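>>> From the sequence below, what's the structure:
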Amino acid sequence: MTKRAAALCGAAAVVAGMIASVPADASAGAATAPRTDRTAKLTWKKCGTSAYPTLQCASLQVPLDHSNPYSERITLALSRVPHTAKKYQGPLLVNPGGPGASGRTLAGYVASALPKAVAAQYDVIGFDPRGVGASKPALNCKPGYFNPGRPDTVPSTPALEKANLTRAESFAKACGTKYAKLLPYIDTVSSVQDMDAIRHALGAEQINYFGYSYGTYLGAVYAKLHPDRVRRLVLDSIVDPTGVWYADNLMQDFAFDDRHRAFLSWVAKHNSAYKLGTDPAKIEAKWYAMRAALGKKPAGKKVGASQVEDTFTPGGYYNGYWPYLAGAFAAYVNDKNAAPLVKAYDKFAAVDTSGDNSYSVYTSVQCRDAPWPRDWNRWREDNSAVYEKAPFMAWSNAWYNAPCAFWPTDSLQPVDVANDAIPPALLFQATNDAATPYEGGVTVHGLLRGSSLVVEQGGGNHGIALSGNACLDKHLAAYLTDGKVPRSGGEVDAVCKTLPDPKPLSTKAASTASRGSTLHGLLGFRG
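The predicted model follows:
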């Protein structure tokens, strides 16, 4: 968190410190079954792909309402890469974040990216959380919600603000109309109890867990509610649990603005390739001029001001996209050629049915998990203040979350994840991460007693382990092998240098066939 962000967020962190009620059975013994005794035994079937040929799939029925084991059943879609070594260390559940991201393919990725000798000791388990992907029912509140033609996100006139407000309210209303029975149970704690049902169905007394982004909060909440059922816990790109979720989203805006400026500085460094100048400030002015021009005349009749924000936001998550974004930017500014920009939008930002599903679950979880301001004046005041200092994503992010101002269910309270009852956890955090700023990693390191924080110094990507940094991966492999974590006695236990920034596409170093590109394709955005 920058100092300028801290002042605003201190006032905005209305949810900080609120604690959810812990279920009465949270401290039950590790072998105690969750209240899902009607759960059928898992039947695994081959579902391998060319990339992950050993992948298997299964489904699991769980109660919609875990407090009532005889309530309506829903179905979770699971995946597995089974262990092959004689030494078996149990299931390793993996989650890519979101909330709303599908996790089944991630099992194949993690199993293939880990050293073979390490992966062979685990059943790597992926799952689509409730409401997501192949799990049933899957949510899709308002198909086509992100189609081109949306109003400009910056509410420079009362009419624009009203148009965006009407749009956000209509989404919340559509969710409430279509999924009135489901929405009270689409939340993090319910997903945690689903994870425990998966553990029970696997016949395991404990689980190992590896989560990215929102998956770090999911894992930390599981550890809080079921500490004796946690064997090993890996959290990568860590959500600040004291800001769930309104304050955390404000914090992102400052971090994404910094990351966008890092991209513009990279463009300046490679002026020979992009010919946009060597002064980052002047290049930034050109970017905002492009945004304004697209607001008046959308590229390809679909990439307007809002869509260009969507297109460049992924660059804040992963710098491997920078060469493509820079090329599209340069073509538009220098050559008046909008085709590469349209192509970049289609590649990085266009939302399909899967994206509609992910967003529906994202809003359902975030809006239910914690209190959000119901008075729009509060949103206007906070986001206007952010926009003055960090304009890149401030209003885009505000409208992305605005349905929570009108959400049809009551809010729960965030879970206090402070924990001194679990084995040492391994935490990974990049210092310049935009989606989950660095302070979140430090905060969780303090809340999980005995945890170890490994930092990627100078890194700005979101999701860093198993993305090609051998130093980080060495710590992960050691932990999964024997549970050992690095210790320094200070705020940070180990430091790894970040990977070099990418090169322009004209060089061999610009290949996107890297492990990092594959991982970030699975993690998605906004999570």
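
>>> Please count neighbours and contacts with C-alpha atoms only from this point.
OK.

>>> what ranges do the strands span in the stretch 401-527 of the chain?
Ranges of strands in the stretch 401-527 of the chain, per DSSP state E, counting those that start in this stretch, are 426-430, 452-457, 494-497.

>>> List the pairing partners of the shortest one within its sheet, with orientation.
Strand 494-497 sits in its sheet next to strand 452-457 (parallel), going by DSSP bridges.

>>> Report the angle between the strand it pairs with and strand 426-430.
Interaxial angle of strand 452-457 relative to strand 426-430 (axes from the mean of the first three to the mean of the last three Cα atoms, to 10 degrees): 20 degrees.

>>> if you average pLDDT over stretch 241-254, what comes out?
Stretch 241-254 carries an average pLDDT of 98.

>>> what comes up buried for it?
Under the neighbour-count criterion of 16 or more other Cα atoms under 10 Å, stretch 241-254 has 241-254 buried.

>>> about what we covered before: dump the strands of the stretch 401-527 of the chain into CSV; add mean pLDDT as well.
Formatted as CSV, the strands of the stretch 401-527 of the chain follow (pLDDT from 0 to 100):
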stretch, mean pLDDT
strand 426-430, 98
strand 452-457, 98
strand 494-497, 98
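
>>> Of those, flag the one that's most buried.
Highest mean neighbour count among these (mean count of other Cα atoms under 10 Å): strand 426-430, with a mean of 28.

>>> From Ser265, how far off is Lys282?
10 Å (Cα to Cα, to the nearest Å).

>>> More neighbours: these two, which one.
A side-by-side neighbour count of Lys282 and Ser265, using other Cα atoms under 10 Å, places Ser265 first with 18 against 13.

>>> wait, isn't that one in contact with Pro280?
Yes. Here Ser265 reaches Pro280: they are 5.0 Å apart, a contact under Cα atoms under 8 Å.

>>> How many neighbouring residues does Ala117 have?
Ala117: 13 neighbours (other Cα under 10 Å).

>>> Ok, Ser467 next?
20.

>>> Which residue comes closest to it once chain neighbours are left out?
Among residues not flanking Ser467 along the chain, Gly516 sits closest, at 4.2 Å (Cα to Cα, 6 or more residues apart in numbering).

>>> For Leu466, see how far away the residue sitting furthest away from the middle of the chain is.
What lies farthest from the middle of the chain is Asp335; by Cα atoms, centre = their mean that is 35.5 Å. According to Cα to Cα, Asp335 stands 38 Å off from Leu466.

>>> Ser272 now?
From Ser272 to Leu466 the distance is 32 Å (Cα to Cα).

>>> so which helix or strand takes in Val124?
Under the criterion of DSSP states H and E, Val124 resides in strand 123-128.

>>> For the helix or strand that that strand is followed by, give me every contacting residue.
Where DSSP H and E defines the elements, the next helix or strand beyond strand 123-128 is helix 158-178. Applying Cα atoms under 8 Å, 6 or more residues apart in numbering, the contact partners of helix 158-178 are 140-142, 145, 151-155, 183, 360, 399, 402-409.

>>> about what we covered before: compare Ser272 and Leu466 (neighbour count), which wins?
Leu466 (20 against 12).

>>> was I right about the more buried one contacting Asp473?
Yes. Between Leu466 and Asp473 there is a contact under Cα under 8 Å: 5.9 Å.

>>> Find the residues that touch each one of the two.
Common contact partners of Leu466 and Asp473 (Cα under 8 Å, 6+ apart): Leu114.

>>> could you dump the strands of the stretch 401-527 of the chain to TSV with distance to His226?
What follows is these, written out as TSV (distance: least, Cα to Cα, whole Å):
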stretch	distance to His226
strand 426-430	18
strand 452-457	20
strand 494-497	28
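
>>> Out of these, flag the one nearest Pro298.
Of all the strands of the stretch 401-527 of the chain, strand 426-430 sits nearest to Pro298, with 35.3 Å by Cα to Cα.

>>> helices or strands up against that closest one?
If you count contacts as 3 or more Cα pairs under 8 Å, 6 or more residues apart in numbering; DSSP states H and E, strand 426-430 packs onto strand 230-236, helix 438-447, strand 452-457, helix 470-482.

>>> got the angle between that strand and helix 470-482?
Computed by the same axes, to 10 degrees, the angle separating strand 426-430 from helix 470-482 equals 170 degrees.

>>> Tell me the strands beside strand 426-430, with direction?
strand 230-236 (parallel), strand 452-457 (parallel).

>>> Just give the number of residues close to Val110.
Neighbours around Val110, by other Cα under 10 Å: 21.

>>> so it touches Ser467, yeah?
No. Contact between Val110 and Ser467 fails when scored by Cα under 8 Å: they sit 10.2 Å apart.

>>> so how many other residues sit close to Asn319?
Asn319 has 24 neighbours, counted by other Cα under 10 Å.

>>> Can you tell me which helix or strand of this structure has the lowest average pLDDT?
helix 3-12 (a mean of 32; mean pLDDT, DSSP states H and E).

>>> residues in contact with the helix or strand that it is followed by?
Downstream of helix 3-12, the next assigned helix or strand under DSSP H and E is strand 45-46. The contact list for strand 45-46 (Cα under 8 Å, 6+ apart) reads 54-58.

>>> what distance separates strand 45-46 from the middle of the whole chain?
Computed by Cα atoms, centre = their mean, to the nearest Å, the chain-centroid distance of strand 45-46 equals 28 Å.

>>> for stretch 493-512, same thing?
22 Å.

>>> Would you indicate which residues of that stretch are buried?
493-496, 498-499, 502-505, 510.

>>> Look at the residue nearest to Thr75 when sequence neighbours are not counted and say how many residues are nearby.
Spatial nearest neighbour of Thr75, excluding adjacent residues (Cα to Cα, 6+ apart): Gln61 at 4.4 Å. When counting by other Cα under 10 Å, one arrives at 23 neighbours for Gln61.

>>> Let me know the pLDDT of Gln61.
In this model, Gln61 is scored at 97, pLDDT.

>>> Can you list the low-confidence ranges for the stretch 101-250 of the chain?
Low-confidence segments of the stretch 101-250 of the chain (pLDDT under 70): none present.

>>> Report how many residues lie close to the residue nearest to Asp65 when sequence neighbours are not counted.
In this structure, Asp65 finds its nearest non-sequential neighbour in Ser71, 6.0 Å apart by Cα to Cα, 6+ apart. Other residues lying near Ser71 total 12 when counted by other Cα under 10 Å.

>>> Surely Ser71 touches Gln61?
No. With contact defined as Cα under 8 Å, Ser71 and Gln61 do not form a contacting pair (11.4 Å).

>>> Nearest to Thr313, out of the helices and strands packed on strand 426-430?
Closest of those to Thr313 is helix 438-447, at 18.5 Å (criterion: Cα to Cα).

>>> Thanks a lot, catch you later.
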